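Trainee: How does the following fold in three dimensions:
(chains A and B, ligands or ions: 2)
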Amino acid sequence: MSAVPKIELDGLSKAFGANRVLDGVSLAIAPGESLTVIGQSGSGKSVMLKCILGLIRPDAGSIRIDGEDITRLSERDMARVRAKFGMLFQGGALFDSLPVWRNVTFALTRGRNRSAARMKAIAEENLEKVGLGRQVLNLRPSELSGGMQKRVALARAIAPRPEIIFFDEPTTGLDPIRADVINDLITSLVEDLGATAVTITHDMASARKIAHRVAMLYQGEIIWCGPRDQLYESGNPYVDQFVQGRADGPIR
Amino acid sequence: MTNSSPAGPIIALFAAIGRIAVGWLAAVGRTALFGVQTLRRGLTPPYYPNKLFEQLAHIGWFSLPVVGLTAVFTGAALAQQTFTAGTRFNATSTVPAIVVIGIVRELGPVLVGLMVAGRVSSAMAAELGTMRVTEQLDALTTLRTDPYRYLIAPRLLACVIALPLMVLVANAIGIFGGYLIAVYKLGFNATGYLRVTRQFLEWSDFGMALVKAGVFGFFIALMGCYHGFRAGGGAAGVGEATRDAVVSAFILILVSNLLITVMAFG
Ligand SMILES: Nc1ncnc2c1ncn2[C@@H]1O[C@H](COP(=O)(O)OP(=O)(O)OP(=O)(O)O)[C@@H](O)[C@H]1O
Ligand SMILES: [Mg+2]
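Mentor: Ligands and ions are numbered 1, 2, ... in the order given. Sure, this is the predicted structure:
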């Protein structure tokens, strides 16, 4: 593990009114590491990623990217830092006024009309990585199935080959075979391109396959973080109950 | 607050009025901040001319048929009313004069403003509100494209450009509507009617109509974008944003119209 973590959260807190979602989250992620975050629905996993991306302003705590504190950055500096990130949103968040190929290449064109032929070629190459063919290039997002939308969104997130990629439930809503293609894709982004990946998932098979480490978020804190091999013998009753999917236990 | 003391209800009343006033002031402040933010960011690059043209085409295409229809019927009705009310006086000159002044100074800009507000403010609020609740605005920011520059500035500019053009068209069509009724139903002499129309057609009136149109266009886009941007809470939130956008655009158009008229003629 190198000296400067790629991402370092320290005491990150965020409340929406009386709802304390994050309550002192501390976590360090090394360059080239693949971390999986697990936790109940509504536990604040998506909020945590949005705080790191500067989409939600945390109430307290600090976020460091490559050692740089980004919590108080101006909008312009934040845009510079965001160049390091790719994000797959939980709901896809595809631009429904644009065809698929413009969605996939948006990080490169940033809304301007760049050479269509070259952009379509780039879009095609990235769609192929998520198992989609050229026939979807000119379709609108609304003309795709839910799983296809997810994969187009994934292609959009990886197209600029970012240093850090966040995947918010990449395999939810996909059939098991497609899900495994995505697992392989995430693994290869980390192994071959050296990307740092943070993946939120409810899919334990996927977590075991792609993660170096697993962190569990519960009641606004990281209550457990360890190597994926220890996920099933963590000795933590909360983690045990969660990974085994039992209704009875300390989590209600 | 208890009602045991006689002052209780009165204090409660003042408290309620105070809360409403504070809420209203806060909304005005937020809107102004949003407008300033848009201007500050929209005036600095990157610019998106492709988005501007898209919006211009969209707004014009959306609105020209309705605007033309409204103008021709209103002009015609105005001519008929003036004639009915004015037969006791010298109707032959009052009809064209009232039609041209009424349409150019007031009805043209206000009707176009309200029609376009009904269609465009609501459409903008619905589109941006949907983008908000489906996280497309977050995705845009993450992909390093500023929503103020990419989405809002082109909409504001397009409305400020399109509204004056539409008011010009509406004024011409409205005057024509009055002419149709006057000549074909009320028995006016065509050349005489046109001569009086030209006589009462002031360029300064046209100038004021265009200023009004620009202001209305700004408010239409500002309200549509502001409410869409702030939408929350799924489909219901988008519905509320749409309604609030139209209502607030209507109010701003009517109030600013009166202010401009009073400033110009008061
Ligand atoms: N913009 C917001 N305004 C108010 N509350 C919010 C907002 N975003 C999230 N929340 C609240 O924060 C909590 C955590 O939400 P979050 O989306 O992070 O959950 P999650 O862990 O990603 O759940 P899931 O696994 O279902 O996606 C929820 O209680 C949610 O209601
Ligand atoms: Mg989530």
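Trainee: Look up the closest residue to B:I173, ignoring the ones flanking it.
Mentor: B:A71 (4.1 Å; Cβ to Cβ, 6 or more residues apart in numbering or on different chains). For every residue, glycine as well, the C-beta is placed using N, CA and C.
Trainee: where along the stretch 1-150 of chain A do the strands fall?
Mentor: All strands of the stretch 1-150 of chain A, identified by DSSP state E, counting those that start in this stretch, fall at A:7-16, A:19-29, A:34-39, A:60-65, A:68-69, A:85-88.
Trainee: now those as JSON lines including distance to A:E221, mean pLDDT and mean neighbour count?
Mentor: Below are the strands of the stretch 1-150 of chain A laid out as JSON lines (distance: least, Cβ to Cβ, whole Å; pLDDT from 0 to 100; neighbours: other Cβ atoms under 10 Å in any protein chain shown):
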{"stretch": "strand A:7-16", "distance to A:E221": "10", "mean pLDDT": "96", "mean neighbour count": "18"}
{"stretch": "strand A:19-29", "distance to A:E221": "6", "mean pLDDT": "95", "mean neighbour count": "18"}
{"stretch": "strand A:34-39", "distance to A:E221": "10", "mean pLDDT": "96", "mean neighbour count": "24"}
{"stretch": "strand A:60-65", "distance to A:E221": "12", "mean pLDDT": "96", "mean neighbour count": "18"}
{"stretch": "strand A:68-69", "distance to A:E221": "21", "mean pLDDT": "94", "mean neighbour count": "12"}
{"stretch": "strand A:85-88", "distance to A:E221": "23", "mean pLDDT": "96", "mean neighbour count": "26"}
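Trainee: Minimum distance to chain B: which of those strands has it?
Mentor: Proximity to chain B (Cβ to the nearest Cβ) singles out strand A:85-88 among the strands of the stretch 1-150 of chain A, at 4.9 Å.
Trainee: Enumerate the positions of the lowest-mean-pLDDT helix or strand in chain B that are buried.
Mentor: For chain B, using mean pLDDT, DSSP states H and E, the weakest element among its helices and strands is helix B:91-101, scoring a mean of 84. Across helix B:91-101, burial judged by 16 or more other Cβ atoms under 10 Å in any protein chain shown covers B:A91, B:T92, B:S93, B:T94, B:V95, B:P96, B:A97, B:I98, B:V99, B:V100.
Trainee: And for the following helix or strand past it, what's in contact with it?
Mentor: Downstream of helix B:91-101, the next assigned helix or strand under DSSP states H and E is helix B:108-116. With Cβ atoms under 8 Å, 6 or more residues apart in numbering or on different chains as the test, helix B:108-116 has contacts from B:59, B:63, B:66-67, B:70-71, B:74, B:159, B:162-163, B:166-167, B:170-171, B:174, B:209, B:212-213, B:216-217, B:220, B:250, B:253-254, B:257.
Trainee: Buried ones among those residues?
Mentor: The neighbour count (16+ other Cβ under 10 Å) marks B:59, B:63, B:66-67, B:70-71, B:74, B:159, B:162-163, B:166-167, B:170-171, B:174, B:209, B:212-213, B:216-217, B:220, B:250, B:253, B:257 as buried among these.
Trainee: Perfect, I'm done here.
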